[in-house]
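Asks: mind folding the following:
(2 chains)
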Amino acid sequence: MLIEEGRIKAAFDSGVFVLKLSGDVRLTLCATLDIQAQRLAETPGLCAVMIDLREATNVDSTALGFLAKVAMAVKNRLEQPPTIIVDNPDVRQMLDVMGFSRFFTLLGEPLRPGIADSAEDLPEVLADESGLRDRILEAHRILMHMNEHNREEFQPLVSMLEAQDSSPER
Amino acid sequence: MKHDNQRDVGESETLQACRQRCAWLAEQNDALETQLGLLRMDQQSGGHIQRRLLPVHPRTLNGVRFDYWLAPSLYLSGDFLGYQRYSHRYSAFYFADVSGHGASSAFVTVLLKYLFTRWLQLWNGEHPENLPAEWLAELNRELQDTDIGKYATLFVGVIDHDTRTLHYSLGAQMPMPVLTFGTEVERLAGEGMPVGLFPDTAYPVLSRSLPPDFMLWLCSDGVLECLPGDTLEARLGELEQLLRDSTTLEQLRDRLTRASPSVDLTRVPDETSDDRQALPDDLTIMMVSGFGHAD
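Replies: Okay, here's the model as predicted:
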């Protein structure tokens, strides 16, 4: 269940790729991360990768999995391991438990201030066809639960349409 | 007059378009309802299979009792567990939380069960202390090789009933397993990498002697969403407090229900029900206790 939509922003500047996650990052956004991991590894001129988690209140397991994929994808291409900037103690503890310090440099703040601020919103990538279907179905489930209410709500409109329908042509 | 006629024609065309749209929507709605029904049945039958793959509970093996409570977030769960007797001296168990939830994670739990059973059959009964760590390393390779983007946090234990020792290893288990005995509450020591996330990972070889009246509690991280507290550490403290006061799974479940600020656990049916109140995440609690239970 989605509780609060998280956001992902990305920027690429002078060989530094910045990925910024904010809010409660959960499964729905994983397609963005996945494509990002693949694209990232293939970016020409890539020198460094920085992931900014300072505005993230929660990073779910799937998102963490994709961050790990990023680390693996760029592992032999960069001189330095990718950096994660994290100041939320809960998120930090999660990263520690997951052993991220082996593949990332974990920092409380960026070495070059301001670099993470240039990040722009990524266009949202739809999860995939089945993901989209799930969302439509979910919307329908909610609609179906509201069926009785819906009928009442739209009854005046329906009545009006029906009345117009049966009224003689002028 | 001519002008009015034109307006009438225009209105009638709009009305016609509206009616067509309504009919189309009604049709789509019917089709989606049918599809939804099919998908739900599909998920439910998947859920039945997954529950059949879980061990009978409660179950007593060599005087040690295993029990659990598993509540999937929807129909299928990414949480899974198992326990098995190897001989009169050893029994083995595992507790896993596969990343994500739902069908994709549930597929991985089937793989876990298969590999657990197979590796226990292949074990020659020597060096029980190495078994959990070797399993995790092997499983890490399996998941890396399949390249499905799934990984798991996992706890594996082997109980030596003769020496009353727990040999264990773990991969990023959160919250940590908690051992309670008398009034003592102890987080089991050790840390390991998640399983299937990074290549070439080694796992810790750990042991803990088990007191005569011990209870070992394993919770999936879904429990954290049911506990009050602003920080992770506060919620873990809350959990330990609840565990200190509980001697049965039912007690813990009741206390968790009362403590839970946001999730109504009384409305969460257990694994025998098909009707689901969606939880934010799968929630599973396993309890291992001994010694001296009758088999």
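Asks: distance from the chain centre to the biggest helix by length in chain B, please.
Replies: Secondary structure assigned by DSSP state H gives helix B:2-53 as the longest helix of chain B. Between the centre of helix B:2-53 and the centre of its chain there are 36 Å (C-alpha atoms, centre = their mean, to the nearest Å).
Asks: that one and chain A, are they touching?
Replies: Yes - using C-beta under 8 Å from any C-beta of the partner chain, helix B:2-53 reaches chain A at B:8, B:12, B:15, B:18-19, B:22, B:29, B:32-33, B:35-36, B:39. C-beta coordinates here come from the backbone N, C-alpha and C atoms, glycine included.
Asks: residue boundaries of the helices in chain A?
Replies: Under DSSP H, chain A gives helices at A:30-42, A:61-74, A:89-97, A:129-145, A:147-166.
Asks: next helix or strand past the longest helix of chain B?
Replies: strand B:59-61 (DSSP states H and E).
Asks: and that next one, what does it pack against?
Replies: Strand B:59-61 sits against strand B:64-71, strand B:79-85, with contacts defined as 3 or more C-beta pairs under 8 Å, 6 or more residues apart in numbering or on different chains; DSSP states H and E.
Asks: out of those strands, deepest packed?
Replies: Highest mean neighbour count of those: strand B:79-85, a mean of 24 (counted as mean count of other C-beta atoms under 10 Å in any protein chain shown).
Asks: and it, which strands flank it?
Replies: Here strand B:79-85 is paired, per DSSP bridges, with strand B:90-98 (antiparallel).
Asks: buried residues in stretch B:151-168?
Replies: Using 16 or more other C-beta atoms under 10 Å in any protein chain shown as the test for burial, stretch B:151-168 gives B:151-161, B:164-168.
Asks: any stretches of chain A with poor pLDDT?
Replies: Scanning chain A for pLDDT under 70 picks out A:1-6, A:26-36, A:112-170.
Asks: can you list the domain ranges for it.
Replies: A:7-124, A:133-166 (automatic domain parsing).
Asks: how about the longest one and chain B, touching?
Replies: Yes - part of domain A:7-124 sits close enough to chain B to count as contact by C-beta under 8 Å from any C-beta, namely A:27, A:34, A:60-62, A:64-66, A:68-69, A:72, A:89-90, A:93-94, A:97-99, A:102-103.
Asks: what pairs with the top strand by length along chain A, parallel or antiparallel?
Replies: Ranked by number of residues, the top strand in chain A under DSSP state E is strand A:48-59. Take DSSP bridges as the rule and strand A:48-59 pairs in its sheet with strand A:16-25 (parallel), strand A:83-85 (parallel).
Asks: can you tell me what sits against the shortest one?
Replies: Under the criterion C-beta atoms under 8 Å, 6 or more residues apart in numbering or on different chains, residues A:48-54, A:67, A:95, A:100, A:104-111, A:116 lie in contact with strand A:83-85.
Asks: buried subset of these, written for PyMOL?
Replies: Burial among these is assessed by 16+ other C-beta under 10 Å; the matching PyMOL selection reads:
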select buried, chain A and resi 48+49+50+51+52+53+54+67+95+100+104+106+110+116
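Asks: endpoints of stretch B:96-108, how far apart?
Replies: Terminal residues of stretch B:96-108 are spaced 10 Å apart (C-alpha to C-alpha, to the nearest Å).
Asks: can you give me the buried ones in that stretch?
Replies: B:96-108.
Asks: can you check stretch B:191-202 too?
Replies: B:191-198, B:201.
Asks: and which of the residues you listed is nearest to chain A?
Replies: Closest approach between those and chain A, by C-beta to the nearest C-beta: B:Met193, at 3.9 Å.
Asks: nearest residue to the closest one other than its sequence neighbours?
Replies: A:Gly99 (3.9 Å; C-beta to C-beta, 6 or more residues apart in numbering or on different chains).
Asks: for the one you found, give me its contacts.
Replies: With the criterion set at C-beta under 8 Å, 6+ apart, A:Gly99 makes contact with B:172, B:191-194, B:197-198, B:201.
Asks: need the contact partners of the helix or strand hosting B:Val108.
Replies: Assigned by DSSP H and E, B:Val108 belongs to helix B:103-122. Residues outside helix B:103-122 that contact it (C-beta under 8 Å, 6+ apart): B:43, B:46, B:50, B:53, B:76-80, B:82, B:84, B:86, B:92, B:94, B:96, B:98-99, B:135, B:138-139, B:142-143, B:146, B:148, B:150, B:152.
Asks: what helices and strands are in contact with the helix or strand following that helix?
Replies: Using DSSP H and E, the helix or strand that follows helix B:103-122 towards the C-terminus is helix B:131-146. Counting contacts by 3+ C-beta pairs under 8 Å, 6+ apart, helix B:131-146 is packed against helix B:103-122, strand B:152-160, strand B:165-171.
Asks: I'd like the ones you listed as TSV, with mean pLDDT appended.
Replies: Shown next, in TSV, are the helices and strands packed on helix B:131-146 (pLDDT from 0 to 100):
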stretch	mean pLDDT
helix B:103-122	90
strand B:152-160	95
strand B:165-171	95
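Asks: per-residue pLDDT, B:Gly292?
Replies: On the pLDDT scale, B:Gly292 is placed at 77.
Asks: that one against B:Gly63, yeah?
Replies: Yes - in terms of C-beta atoms under 8 Å, B:Gly292 counts as a neighbour of B:Gly63; the distance is 5.5 Å.
Asks: so those two - more neighbours on which side?
Replies: Neighbour count, other C-beta atoms under 10 Å in any protein chain shown: between B:Gly292 and B:Gly63, B:Gly63 has more, with 15 against 11.
Asks: isn't that one right up against B:Val288?
Replies: No - between B:Gly63 and B:Val288 there is no contact under C-beta under 8 Å: 11.6 Å.
Asks: so who does the nearest residue to B:Thr201 once chain neighbours are set aside touch?
Replies: Spatially, and ignoring its direct neighbours in sequence, B:Thr201 is nearest to B:Met193 (4.6 Å; C-beta to C-beta, 6+ apart). B:Met193 makes contact with A:98-99, A:102, B:140, B:171-172, B:201, B:203, according to C-beta under 8 Å, 6+ apart.
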